[in-house]
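> Structure of the sequence below:
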Amino acid sequence: MNQQISSPRTYFPGTLFRGPVYPSTGALCAFVLMFGFSGSACAQNALKSFCDGDCGIHLFTGEWVTDSQLDVFVTDPIFPWQYDYLSDERIYGLALSKRMWTIFKVIDVEPELGFAIRTGEEDAEEIWAALYFRFDQFPWRETLYTSIAISTGLNYATRVTQLERDRAGADQKLLHYLSPEISFALPKYEQYELVFRFHHRSGGYGTIGGADGGAQYGTVGFRLRF
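Residues are numbered from 1 along each chain as shown. Predicted structure coming up:
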């Protein structure tokens, strides 16, 4: 919820939920943009109207984490620099997102689509679709813009590697995507975010395909809001 950017959103009944309202001309221009006519003024205006500071592109990289997510965040919380990493197992990812709705005026809901490449023994590709729920109304936001978010969605890997199989206890390419993150930015430049994400896919304690854990990485990245 960037306070410096006016967004084409409105509150729905009860003022607890807001979502985007776009003019029909914007939809027509978005159709033009979709078919690759990005050089046209219509397409450029459509992108600006559709995003208006709420779209994001996130580039990140990281290393495999052997600690369980439950331990890291609940049982024995630790900072990212304290994780037990496998430096030979890396991930490189790209994610696109958009802040679409706000719940209770403080929690932003952001659909996200992502793609990542794993290297090392975990050599594989991932794609995911998720919803992120983000809170950024911290009292120190005028000093250091901070947001925390957690996701729910689905993640598909092109193959199940031995390392992931050992953690999951099953061969399951499609798993739940639960990847909490924290981001920071200077208040005058909230559109430039430093992002720390615990990139995690798992079966949700056997809920999906009998899998327990799954692949997970401690990542650092940069997100541009536009």
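
> Would you map the strands across this structure?
For the chain, the strands defined by DSSP state E cover 9-11, 17-20, 55-65, 85-98, 101-103, 107-119, 124-135, 145-157, 174-177, 181-185, 192-202, 216-225.

> Of all those, which one is nearest residue 46?
With Cβ to Cβ, the closest approach to residue 46 among those belongs to strand 55-65: 12.1 Å. No exception for glycine: its C-beta is placed from N, CA and C like everyone else's.

> Please work out which residues outside that closest one touch it.
72, 83-87, 89-99, 110, 114, 120, 122, 163, 193, 195, 197-199, 215-226 (Cβ atoms under 8 Å, 6 or more residues apart in numbering).

> Now stretch 143-150: average pLDDT?
For stretch 143-150, the mean pLDDT works out to 98.

> What residues sit buried inside that stretch?
145, 146, 147, 149, 150 (16 or more other Cβ atoms under 10 Å).

> got a markdown table for these, with distance to residue 184 too?
Shown next, in a markdown table, are the buried residues of stretch 143-150 (distance: Cβ to Cβ, whole Å):
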| residue | distance to residue 184 |
| --- | --- |
| 145 | 7 |
| 146 | 6 |
| 147 | 8 |
| 149 | 13 |
| 150 | 17 |
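
> separation between residue 219 and residue 106?
Using Cβ to Cβ, to the nearest Å, residue 219 is found at 26 Å from residue 106.

> Specify the beta-bridge partners of the closest residue to residue 224 other than its chain neighbours.
Nearest non-adjacent residue to residue 224, counting by Cβ to Cβ, 6 or more residues apart in numbering: residue 57, 5.3 Å away. Assessed by DSSP bridges, residue 57 has beta-bridge partners residue 96, residue 224.

> Please tell me how far residue 57 sits from residue 98.
10 Å.

> do the same with residue 71
33 Å.

> Between these two, tell me which one has more neighbours.
Higher neighbour count among residue 71 and residue 98: residue 98, with 17 against 12, using other Cβ atoms under 10 Å.

> Tell me if I'm right that the more buried one and residue 110 touch.
Yes. Using Cβ atoms under 8 Å, residue 98 is in contact with residue 110, at 6.2 Å.

> And the pLDDT for the residue nearest the centre of the chain?
Geometric centre of the chain, nearest residue: residue 112, 5.6 Å, by Cα atoms, centre = their mean. Residue 112 is assigned 98 on the pLDDT scale.
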